[in-house]
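Enquirer: When you get a sec, could you give me coordinates for this:
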Amino acid sequence: MLHAFIRNAKLRSWLSRADCPPAIQECKVLFDRMYAPKSATSIDEEHAEDPLDDSAVLRARLKFNGVIYSRASTHVGNSQVLFYPRGDQLSSPVPGSIQHIYATPAGELVFAVHRQLPLDCHDTIDPFAVYPDFPAKLYSSSFSSHLENVKVSWVVSHFARWEISSDRVVILSLCRVSTAIPKILSISV
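Expert: Coordinates of the predicted model:
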């Protein structure tokens, strides 16, 4: 590890010298973009290519209650979230992919999400439905074409997405709270 640090320092020193060839200095620009320390502002806040309004400042990622959320173009895995539609906690959480993270005029952080489309239930039986303690479900591999606003507080967890065919995916909740624990506790009491 120490050797890697020393080699990195020597490379940076050489790239910063005045006698460094111009072609190699072009590489320095790429190295700086990839590996240079960035401030929190430059990482998290960016102007959108497709802003929600002219003054919208979008974030590439957000850390909320110790969990990191990202837009899909930044990190696909951290953009996959299960959320309560319209904040209704009586309904089942649905999967979606975060496309934008932005602040409302009131300062509340909101995700703009493409919802994962459900699988046509007439066409296929979900093989995971018979396992209530295993939080996986079959969905269509397509996403909704419109964006829906999701408050950060409506998000339940991230999910893992496994494409099992061109038109079907398995969605597995990565919730830290297990629904099996209360059942085990009630059995042992």
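
Enquirer: hey, let's count contacts and neighbours off CA atoms from now on
Expert: Noted.

Enquirer: what is Pro118 paired to in the beta sheet?
Expert: Residues found in beta-bridge contact with Pro118 (criterion: DSSP bridges) are Tyr139.

Enquirer: right, and it touches Ser144 too?
Expert: No: in this structure Pro118 lies outside contact range of Ser144 using Cα atoms under 8 Å: 9.6 Å.

Enquirer: In terms of neighbours, single out the busier of these two.
Expert: Between Pro118 and Ser144, Pro118 has the larger neighbour count (other Cα atoms under 10 Å), namely 18 against 14.

Enquirer: mind listing what that one touches?
Expert: Leu138, Tyr139, Ser140 (Cα atoms under 8 Å, 6 or more residues apart in numbering).

Enquirer: Distance check, it against Leu62.
Expert: Here Pro118 is placed at a distance of 27 Å from Leu62 (Cα to Cα, to the nearest Å).

Enquirer: ok, the residue nearest to Ser91 when sequence neighbours are not counted - how many residues close by?
Expert: If you skip the residues right next to it in sequence, Ser91 has Tyr84 as its closest partner in space, 6.7 Å away by Cα to Cα, 6 or more residues apart in numbering. For Tyr84, the neighbour count with other Cα under 10 Å is 19.

Enquirer: show me the contacts for Tyr84.
Expert: The neighbourhood of Tyr84, defined by Cα under 8 Å, 6+ apart, consists of Ser91, Ser92, Pro93, Val94, Trp154, Val155, Val156.

Enquirer: Please convert the buried members of those into PyMOL selection syntax.
Expert: Here is the PyMOL selection string for the buried members of the contacts of Tyr84, based on 16 or more other Cα atoms under 10 Å:
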select buried, resi 93+94+154+155+156
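
Enquirer: and which of the contacts of Tyr84 is nearest to Glu108?
Expert: Within the contacts of Tyr84, proximity to Glu108 (Cα to Cα) peaks at Trp154, which comes in at 12.5 Å.

Enquirer: so where do the helices sit in the protein?
Expert: Per DSSP state H, the chain carries helices over the ranges 2-16, 22-35, 40-44, 76-79, 180-188.

Enquirer: Can you flag the weakest of those by average pLDDT?
Expert: Lowest mean pLDDT within these: helix 40-44, at a mean of 38.

Enquirer: Tell me which residue is most central in the chain.
Expert: Closest to where the C-alpha atoms of the chain average out (Cα atoms, centre = their mean) is Ser79, at 1.7 Å.

Enquirer: Leu62 is in contact with that residue, correct?
Expert: No: using Cα under 8 Å as the test, Ser79 is too far from Leu62 to be in contact (10.3 Å).

Enquirer: Let me know the pLDDT of the nearest residue to Leu138 once chain neighbours are set aside.
Expert: Once flanking residues are discounted, Leu138 sits nearest to Val170: 4.7 Å by Cα to Cα, 6+ apart. Val170 carries a pLDDT value of 93.

Enquirer: residues near the nearest residue to Ser145 once chain neighbours are set aside, how many?
Expert: The spatially closest residue to Ser145, leaving aside those adjacent along the chain, is His114, at 6.8 Å (Cα to Cα, 6+ apart). Other residues near His114 come to 21 when the count uses other Cα under 10 Å.
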